[in-house]
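*Asks:* let's see this in three dimensions:
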Amino acid sequence: MTQLYDKLQEAPQTGVSRADLNFDERGEVRAIQVTGTAGLTQANNPGKFTDVFYLEGDEAAAAETFADENAELLDAVDFSARNVLQTSLSREIYDLILDAVGDRNITKHPTVVVETHADGTQWVVNRNRYETQVDRRYTTSETGTARVPPATSLRAIYDQQDETIAEADLTSADIEGDVRQVLDYYRVAPAFDCDPVTTDDRQLAVRKRTE
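*Replies:* Numbering: from 1, shown residues only. Next comes the predicted model:
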C-alpha cells in the first residue's frame, strides 16, 4: 500500500499524481475536476478550480474539501444559472458541492424538492425534473418549477390562505411559475395537514383538515 493511498484513506487530497499509486489503488481513486464540456461556451466560469482526489464512497467529504479549497471561486459562481460545475460534474457531486457551499437547504419529498437559498428564495421543483434536468431547475417559464420570493415563505402562504387553497390563490400570492408544484408540496409534506381536491372550476387545490 502506498503512502498516498494511506493519506486518501484518511481524507480527500489535493495535488495528487496518480503515478504515485499502484495499479489496484488507481482503480479506487476518483476526482472532482472542473473542466467544462467540449463544445459548450463556458460562461459563468470564474477561473481554474483546484482538483480534489478521493476514494470511491468518500464523495461527501470530497465535496467539503473541494468547497474549502475553492471557496473564493465558488463565491463568484451564479448557481441559479448554467455554470461550469454543472457541465463538468455528475449530478451527485454537483449537489454535494452546493450543500457544502451552504448556498441552499434541500428537502426532498416523494414528488417534489424544496430548495431554500441563502437569500430566502424558495424553489419548489418536480422531483423528476430536479434529478434529471439539473441545468433547468431554476426557471419560471416552464412547467415543473415554482419560485417563492424571499419576502414570504411556503409556511406563511399556507397559513394566510383560507380552508381551500387553489391554483389562483397561489398565483395571487406572488408565486412565480408552476404553482401546482406548491400544491403538491402541501399535499406530501408532513408539516401540512391537508387533502388534494379539485375546485368547481376544475382547478387543482388542497383543503386543510379541520377537527
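
*Asks:* now do the same end-to-end measure for stretch 188-204.
*Replies:* The separation between the terminal residues of stretch 188-204, taken as CA to CA, to the nearest Å, is 14 Å.

*Asks:* residue numbering should commence at 5 henceforth.
*Replies:* In the new numbering, first residue 5, that becomes stretch 192-208.

*Asks:* who are the packing partners of the helix or strand bottoming out on mean pLDDT in the chain?
*Replies:* When the helices and strands of the chain are scored by mean pLDDT, DSSP states H and E, strand 108-112 comes last with a mean of 85. In this structure, strand 108-112 packs against helix 95-105, strand 116-121, with contacts taken as 3 or more CB pairs under 8 Å, 6 or more residues apart in numbering; DSSP states H and E. All C-beta atoms are positioned from the backbone trio N, CA, C, and that covers glycine.

*Asks:* by mean pLDDT, show me the worst of the ones you listed.
*Replies:* Lowest mean pLDDT within those: helix 95-105, at a mean of 88.

*Asks:* hmm, who's touching that one?
*Replies:* For helix 95-105, the surrounding residues in contact (CB atoms under 8 Å, 6 or more residues apart in numbering) are 36, 63-64, 66-68, 70-71, 78, 83, 89-90, 93, 108, 110, 135, 138.

*Asks:* which of those are buried?
*Replies:* For the contacts of helix 95-105, burial is judged from neighbour counts taken by 16 or more other CB atoms under 10 Å, and it is met by 36, 63, 66-68, 70-71, 78, 83, 89-90, 93, 108, 138.

*Asks:* now, which of the residues you listed lie within helices?
*Replies:* For the buried ones among the contacts of helix 95-105, the ones inside helices are 63, 66-68, 70-71, 78, 89-90, with DSSP state H as the criterion.

*Asks:* show me what contacts residue 190?
*Replies:* Residue 190 makes contact with 158, 162, 169, 196, 198, 210, according to CB under 8 Å, 6+ apart.

*Asks:* so for the fourth one, what's the nearest residue that isn't a sequence neighbour?
*Replies:* Across the structure, with CB to CB, 6 or more residues apart in numbering as the measure, the residue nearest residue 196 apart from its sequence neighbours is residue 190 (4.6 Å).

*Asks:* quick one on the thing from earlier: what would the buried ones among the contacts of helix 95-105 look like in CSV with distance to residue 23?
*Replies:* Conversion of the buried ones among the contacts of helix 95-105 to CSV gives the following (distance: CB to CB, whole Å):
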residue, distance to residue 23
36, 19
63, 24
66, 20
67, 25
68, 26
70, 22
71, 27
78, 29
83, 35
89, 27
90, 30
93, 24
108, 38
138, 33
